[in-house]
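Q: only geometry, no sequence info:
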């Protein structure tokens, strides 16, 4: 099992709006991709910034490629992200899951 971590940052004043947008775009796409096992969306407000961390669990790297394409280590963005995000991190991080508890 592989964990994929993506981080994004927006203004705290746009945090709720961005959360709704994420639910309609990336979160739905993750869940609709064969081989996706789970999606967790975390948010932390820090002063005037809101950090979002999406942790997804996948059956394999091949399953991740169904969502992200062959260059699966690159972040995947949507056109409207430009209205929200303060920066565009180029890479996501992957970890091999060694243990998982319910």
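A: Looks like it arrived, so ask away. Note that the structure is a prediction, hence the values are computed from the model and not measured.
Q: have a look at this protein and report its longest helix.
A: helix 15-24 (DSSP state H).
Q: need the residues that contact it.
A: For helix 15-24, contacts defined as Cβ atoms under 8 Å, 6 or more residues apart in numbering pick out 8, 10, 41, 43, 45, 50, 52, 54, 80, 84. (Each C-beta comes from the backbone N, C-alpha and C, glycine too.)
Q: now do the buried residues in stretch 39-47.
A: Within stretch 39-47, the residues scored as buried using 16 or more other Cβ atoms under 10 Å are 39, 41.
Q: for stretch 89-96, list every residue counted as buried.
A: By 16+ other Cβ under 10 Å, the buried positions in stretch 89-96 come out as residue 92.
Q: now do the end-to-end distance for it.
A: End-to-end distance of stretch 89-96 (Cα to Cα, to the nearest Å): 21 Å.
Q: for stretch 70-88, same thing?
A: End-to-end distance of stretch 70-88 (Cα to Cα): 19 Å.
Q: mind listing residues that contact it?
A: Stretch 70-88 has contacts (Cβ under 8 Å, 6+ apart) with 6, 8-11, 14, 17-18, 21, 25-26, 49, 61, 64-65, 67-69, 89-92, 94.
Q: filter these down to the buried ones.
A: Using 16+ other Cβ under 10 Å as the burial test, these include 6, 8, 9, 10, 18, 21, 25, 26, 64, 67, 68, 92 as buried.
Q: so what's the second one bridging to?
A: Spelled out, that is residue 8. Beta bridges link residue 8 to residue 52, judged by DSSP bridges.
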